[in-house]
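Peer 1: need a 3D model of the sequence below.
(chains A and B)
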Amino acid sequence: MMQPNTLMLPALLTLLLSAGSAAAKTPPKVSAQQFVDLQQGNSLFAGFRRAHAKGLCVSGEFRSNGELAPYSSASLFKAGVTPFVGRLSIAGNNPTAPDLKAPVRSLALSFSLSRTEQWRLAMNTPPVMAVADPHTFYQQIQAIQAGPEAIQQFFAAHPESSEFRTWAAQYKPSGSFAGETYHSINAFYLINSDGQQQAVRWALMPTVTADTMAFDGDNALQQEISARIAEGPVVFNWVFTLADASDDENNATKAWPASRRQVNAGQIVLTGTAAQLESNCHGINFDPLVLPSGIKATADPILRARSAAYAESYRRRAKEQFQGALEESSHD
Amino acid sequence: MTKPTRFPLSMRLFHWGMAALMLAMLTAGLLMVKSLEPWQLNVLNLHKAFGLLALLLVSLRLVNRLRQQLPALPDSLPAIQKAIARASHYLLYGLMFAMPLSGYAMQYFAGRPVEVFGWFRLPAALEVNIGLYSLFREMHGILALALVALIMLHIAGALHHHVIRKDKVLKSML
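Peer 2: Predicted coordinates for the structure are as follows:
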């Protein structure tokens, strides 16, 4: 009985490998559910985000200098102050993972401008994606989960990842959430009151450096930023990069030349922190496609995939939380 | 006074117009919650905007229906089947209201203002309520499947009248 199976194994492997290399060209389409299944992995942390599960809530305000107002009619770009709720987090599905092991750090913001105007932003430390579409991104996550060798093979098969790899090779994690640069990665269109459209990317640029880590342990970054903000506000400059006609706003793997015009729209000021389950950021789906008037999504396939994937993650954890709350109240 | 043998034109227009709209909305809804393709965002936004249109249409449709003379079901139809027919129509109307209302409620509690064809926006909660979002999100999904099942029953009923009973019930809506 064993004999035929053993003989078939090499043939099967060859078939799988050839399927794999064909997939590198045109990856099989995956659904939002498959994508979130992969992010969630084998260990389910009920009630938590499927990606960037570990984080803490922050609060603060955007102090706009008015410089971006000619480009976008969004109300927060007029000179003035707009409060926000935000979240600092690390990549991964585990809400108790060690802070310093995560390869990516994030800052998400939610501006509740009015009952009809909301803006959610989800920004990460890398300035570009390694891949240009969600189906290849799925394969990248599979490779990351499979280990260092698989990811090296993946990168070798995907030359579009070169800018990401160059960034990753020189990136030195800061000793603080306050010392990182957080990128929009995807491009968006700003729309001004005349209806003119300008493709932009943005980054939150730190105003402090933190070369050494003063804390250790699994919650080092959370402890550090909580202590830092308790002593005084943490400030970032919100810098927009304006695309030229020759730039591709729909390809998240390619940065635009450094010579492009930049506009500093003002300062993002973090003034408070709170544990995520005890504060209001936990309930927010930081879907970057929730946009106010004056900002529009580009056709970037990665950006366009984010709404459905975020919605699936949000739906799952909301249901778990809702059912948990029901169970708790039935015990009362 | 004799009952008409055919539904009035206004009711036939509402019926077939909304049939097309509901088919498109259910198809879009079931596809867009799965898709990671670039069109997903456009379909999502259209689905929400047309949801408002569907709510307006079903409101007008109900008012119109209450003012019209309806053709009677065939006398030969057993009372139980008449009761089922009546109940299924109440349920269809209920779902035609519940679908857009639950859809809007889930957006409202997720703090996502609904943009209607770029003309205006429907308000959303300033602070998200994840529990109420979940309640209406799950309701919207379950009611969608219930609506699909009820539409199938509705079509099966119409065909049963036309093909098996060979009466005028289906023709009264054409």
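Peer 1: quick check: residues of the stretch 1-150 of chain A near chain B?
Peer 2: Residues of the stretch 1-150 of chain A that fall close to chain B, judged by Cβ under 8 Å from any Cβ of the partner chain: A:29-33, A:35, A:110, A:112, A:114-118, A:134-135. C-beta: built from backbone N, CA, C; applies to glycine.
Peer 1: excluding covalently adjacent residues, which one is nearest to the residue nearest to the spatial centre of chain B?
Peer 2: Chain B has B:Met96 as the residue nearest its centroid, 3.3 Å off, counting by Cα atoms, centre = their mean. Of all residues not flanking B:Met96 in the chain, B:Val58 sits nearest, at 4.3 Å (Cβ to Cβ, 6 or more residues apart in numbering or on different chains).
Peer 1: show me the contacts for A:Ala150.
Peer 2: Taking Cβ atoms under 8 Å, 6 or more residues apart in numbering or on different chains as the contact definition, A:Ala150 lies against A:Gln142, A:Ala143, A:Ile144.
Peer 1: returning to what we had before: so which of the residues of the stretch 1-150 of chain A next to chain B are in helices?
Peer 2: Filtering the residues of the stretch 1-150 of chain A next to chain B for membership in helices, criterion DSSP state H, returns A:Ala32, A:Gln33, A:Phe35, A:Pro134, A:His135.
Peer 1: quick one: which two of the residues you listed are the most distant?
Peer 2: Of all pairs drawn from those, the one with the largest separation by Cβ to Cβ is A:Gln33 and A:His135; the distance is 13.8 Å.
Peer 1: more crowded one of those two?
Peer 2: The residue with more neighbours, out of A:Gln33 and A:His135 and counting by other Cβ atoms under 10 Å in any protein chain shown, is A:His135; that gives 19 against 16.
Peer 1: residue contacts, that one?
Peer 2: Counting by Cβ under 8 Å, 6+ apart, A:His135 has contacts A:Pro27, A:Pro28, A:Lys29, A:Val30, B:Leu36.
Peer 1: now the residue nearest to B:Met96: which helix or strand?
Peer 2: When elements are defined using DSSP states H and E, B:Val58 is found to belong to helix B:40-66.
Peer 1: do whichever strand in chain A runs longest and chain B meet at all?
Peer 2: Using DSSP state E to define each element, chain A has its longest strand at strand A:262-275. No - under the criterion of Cβ under 8 Å from any Cβ, strand A:262-275 makes no contact with chain B; the nearest approach is 14.7 Å.
Peer 1: mind listing what's buried in that strand?
Peer 2: Of the residues in strand A:262-275, those buried by neighbour count under the rule 16 or more other Cβ atoms under 10 Å in any protein chain shown are A:Val263, A:Ala265, A:Gly266, A:Gln267, A:Ile268, A:Val269, A:Leu270, A:Thr273, A:Ala274.
Peer 1: put together TSV for those, with pLDDT on each row.
Peer 2: Converted to TSV, those look like this (pLDDT from 0 to 100):
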residue	pLDDT
A:Val263	98
A:Ala265	98
A:Gly266	98
A:Gln267	98
A:Ile268	98
A:Val269	98
A:Leu270	98
A:Thr273	96
A:Ala274	95
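Peer 1: now distance to A:Thr96 too, for these, in a markdown table please.
Peer 2: Converted to a markdown table, those look like this (distance: Cβ to Cβ, whole Å):
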| residue | distance to A:Thr96 |
| --- | --- |
| A:Val263 | 40 |
| A:Ala265 | 36 |
| A:Gly266 | 35 |
| A:Gln267 | 33 |
| A:Ile268 | 28 |
| A:Val269 | 29 |
| A:Leu270 | 23 |
| A:Thr273 | 18 |
| A:Ala274 | 17 |
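Peer 1: just give me the closest of the residues you listed to chain B.
Peer 2: Chain B lies nearest to A:Ala274 out of the buried residues of strand A:262-275, by Cβ to the nearest Cβ, at 14.7 Å.
Peer 1: contacts only, for that closest one.
Peer 2: Taking Cβ under 8 Å, 6+ apart as the definition of contact, the neighbours of A:Ala274 are A:Leu56, A:Cys57, A:Val58, A:Ser59, A:Cys281.
Peer 1: cool, thanks, talk later.
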